[in-house]
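# okay, here's the prediction I keep looking at, along with the sequence it came from:
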Amino acid sequence: MKTIKIFTLVCATALGLTSCSDNENNITAQVQTKLLFTSNNSDGNVNIYNVNNTKAVTKSTLTTTTSAADGIYYNSEEDLVIQASRTTFGIEGYAGASLVPSDVSANVSASVTASVVGSLDMKSPRELAVNGNFYVVADNADADGNTETKDGKLFIYTKSGNQFNLRNTITTNFKLWGITFIGNDLYAIVDTTNELAVFSNFLNNKSTTSLSATKQIAVEGIVRTHGLTYDMDTDTMILTDIGEASNGQDDGGFQVIENFTSKFSATTNGNILALTEQTRVAGSNTLMGNPVDVAYDGDTKTVFIAEAGNGGGRILAFNNFTNGGNLTPIYNASLTAASAVYLYKN
């Protein structure tokens, strides 16, 4: 999923941090807080991992009334966590100053109720992508009533006060899963394949209609892709590969595409982005069987994975992936039926 970065002068121990100065040199230090927001399809709670130091990760939990959820996003300006509910089939926002505990070094939990809601339009919501005041959800349910055809829907919402309002829906001619914005272009996973599509100037489509992708390419080395994320600062795209649907334990992986913009542009519509242009991480040591979503910290080159299958579900982190291969995660925590990840940096 998408990563947001906002720099402030902070101390390293809390979300509501204040600037710190060196006693001898009176130099103000700049330290980032990094929080990984996660959804799951087991209890629908939001788990928040403080990943400033992957060797000393702590977790806080927001207990929600939803029992299953997917795409997730954090709006720091409104202190609002938004996730796509697979219980109500709408998007829900949880707001309030107590939302994220001030002491993120402690494992704490709090109960929350959705304070921003909208119409319940969807059937099988997956990834959530945000562009300004637009919240787009990919729905991978059959769109036309004919299971023989591959199709999906993109639901476009706007937020006004405590309400998500459905602006329009777009029907696609392929099944959907992960989506992310790069500027005004929406990149989308072509589910059940190894393909990646883009809809240029996506939000300019203001009516409810069917829409073909501007461009669609295959990604060599992937069996079936699900999750994607893009880091603008490093021009890096990462795609996950769940492998065979029948194997949820050890045939998954992810592929890193550096200099993504030029490589995608150079791959013509309908052609293949070669594996030699990518770095692949996969193998039994990775604990990836069904990696459904991904987030990326370009500063530290750390990849975060929502793994839905292996061991019942995990949150994993990897770095030092330059050469790819069968890497062991630097962080591994159980999260039953993990479904989505979003990295917030402040």
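Cool, the structure landed. Since we're looking at a predicted model, the values are computed, not measured. Numbers count the residues shown, from 1 in each chain.
# for the stretch 201-346 of the chain, what spans make up the helices?
Ranges of helices within the stretch 201-346 of the chain are 260-266, based on DSSP state H, counting those that start in this stretch.
# where does it have low pLDDT?
For the stretch 201-346 of the chain, no stretch has pLDDT under 70.
# let's go with 90 and repeat that
Scanning the stretch 201-346 of the chain for pLDDT under 90 picks out the ranges 245, 346.
# now do the strands in it.
Applying DSSP state E, counting those that start in this stretch to the stretch 201-346 of the chain gives strands spanning 209-210, 215-219, 225-231, 236-241, 253-258, 272-273, 279-282, 291-297, 302-307, 314-318, 331-334, 338-345.
# contacting residues around residue 186?
129, 136, 154, 179, 180, 198, 199, 202, 203 (C-beta atoms under 8 Å, 6 or more residues apart in numbering). Just so you know, the C-beta spots here come from the backbone N, C-alpha and C atoms, and that holds for glycine as well.
# Throw the strands of the stretch 201-346 of the chain into CSV and include distance to residue 187, thanks.
Below are the strands of the stretch 201-346 of the chain laid out as CSV (distance: least, C-beta to C-beta, whole Å):
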stretch, distance to residue 187
strand 209-210, 19
strand 215-219, 10
strand 225-231, 6
strand 236-241, 8
strand 253-258, 11
strand 272-273, 13
strand 279-282, 19
strand 291-297, 13
strand 302-307, 17
strand 314-318, 22
strand 331-334, 26
strand 338-345, 16
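# and those strands: which comes nearest residue 192?
Ranking the strands of the stretch 201-346 of the chain by proximity to residue 192 (C-beta to C-beta) places strand 225-231 first, at 9.5 Å.
# what lies in contact with the closest one?
Residues contacting strand 225-231 (C-beta under 8 Å, 6+ apart): 1-3, 127, 177-180, 182, 187, 189-191, 193-196, 219, 236-242, 254, 260, 290-296, 298, 305-306.
# can you get me a residue count around the nearest residue to residue 257 once chain neighbours are set aside?
Taking C-beta to C-beta, 6 or more residues apart in numbering, and ignoring the residues beside it in sequence, residue 257 has residue 237 as its nearest neighbour in space, at 4.5 Å. Burial of residue 237 is recorded as 27 neighbouring residues (other C-beta atoms under 10 Å).
# distance of residue 237 from residue 255?
9 Å (C-beta to C-beta, to the nearest Å).
# repeat for residue 221
6 Å.
# and the residue nearest to residue 124 when sequence neighbours are not counted, what does it touch?
Of all residues not flanking residue 124 in the chain, residue 141 sits nearest, at 3.8 Å (C-beta to C-beta, 6+ apart). For residue 141, the contacting residues are 122, 123, 124, 152, 153, by C-beta under 8 Å, 6+ apart.
# can you select the buried ones from the residues you listed in ChimeraX?
Of the contacts of residue 141, the buried ones go into a single ChimeraX selection, burial set by 16 or more other C-beta atoms under 10 Å:
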select :122,124,152,153
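# could you single out the nearest of the contacts of residue 141 to residue 56?
residue 124 (37.1 Å).
# which ones are touching residue 154?
136, 137, 138, 139, 169, 170, 172, 176, 179, 186, 188.
# adding secondary structure and distance to residue 270, write the residues you listed out as TSV.
Formatted as TSV, the contacts of residue 154 follow (DSSP: H, G, I helix; E, B strand; the rest coil; distance: C-beta to C-beta, whole Å):
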residue	secondary structure	distance to residue 270
136	strand	25
137	strand	27
138	strand	22
139	strand	25
169	strand	26
170	strand	21
172	strand	16
176	strand	19
179	strand	21
186	strand	19
188	strand	16
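# ok, back up a step: residue 95: which of the strands of the stretch 201-346 of the chain is closest?
Per C-beta to C-beta, nearest to residue 95 of those: strand 338-345, 15.1 Å.
# was I right about residue 120 contacting residue 89?
Yes: if you go by C-beta atoms under 8 Å, residue 120 and residue 89 touch, sitting 4.9 Å apart.
# more neighbours: these two, which one.
In this view residue 120 and residue 89 are compared by other C-beta under 10 Å, and residue 89 has more residues nearby, 18 against 12.
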